[in-house]
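K.L.:
Pasting the sequence and the predicted model now:
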Amino acid sequence: MRALIVEDEFLGRKVLTSFIKSLFEVDAAVDGKEAVTAFCQAHEEGRPYDLILMDIMLPELDGVAAMTQIRALEQEKKLQPRVKVLMTTALDDARTVIRSFHDGEAAGYLVKPLTKDKLFAELRKLGFVTP
């Protein structure tokens, strides 16, 4: 399985990578533009991502806008199965959660600071980890 971590903070990328590297081949992007490019490249290579961990607050292109572009590409190119996305943020704000689920069609939402237990609970819900 393959995962893309989209996080502008170096330490955040390293921590998330250490949490999931036993389950996924992990790539990283530092902003929404890089995330969209990596998503497209993965499909062109025939090795699409199974999971994207996407920070909402990113430079260049925020996480919700990046996910909206990714969902549009999936629809336009009829890509199946659609990538599962967990949005991450330091903001515990209901409006942000609603935008993530509605605009980005996220599968889940995690509030920072992230712990391995919180992350793995979400990965279990998505079927990536068995109980």
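P.N.:
Yep, it's here. Numbers count the residues shown, from 1 in each chain.

K.L.:
who's in contact with stretch 76-94?
P.N.:
7, 39, 43, 48-57, 63-64, 67, 70-71, 73-74, 96, 100, 104-112, 114, 119, 122, 126, 128 (C-beta atoms under 8 Å, 6 or more residues apart in numbering). For every residue, glycine as well, the C-beta is placed using N, CA and C.

K.L.:
Any regions of the chain where pLDDT drops low?
P.N.:
For the chain, applying pLDDT under 70 flags the ranges 91-104.

K.L.:
Can you say which of the contacts of stretch 76-94 are buried?
P.N.:
Buried members of the contacts of stretch 76-94, scored by 16 or more other C-beta atoms under 10 Å, are 7, 39, 43, 48-56, 63-64, 67, 70-71, 74, 96, 100, 104, 106-110, 112, 114, 119, 122, 128.

K.L.:
Please narrow the residues you listed to those residing in helices.
P.N.:
39, 43, 63-64, 67, 70-71, 74, 96, 100, 119, 122 (DSSP state H).

K.L.:
which ones are touching E7?
P.N.:
Neighbours of E7 in contact, by C-beta under 8 Å, 6+ apart: 13, 16, 28, 30, 53, 55, 88.

K.L.:
change it to 7 Å
P.N.:
Contacts for E7 (C-beta atoms under 7 Å, 6 or more residues apart in numbering) come out as 13, 16, 55.

K.L.:
May I ask which two of the ones in helices among the buried ones among the contacts of stretch 76-94 are separated the most?
P.N.:
H43 and T96 (27.7 Å; C-beta to C-beta).
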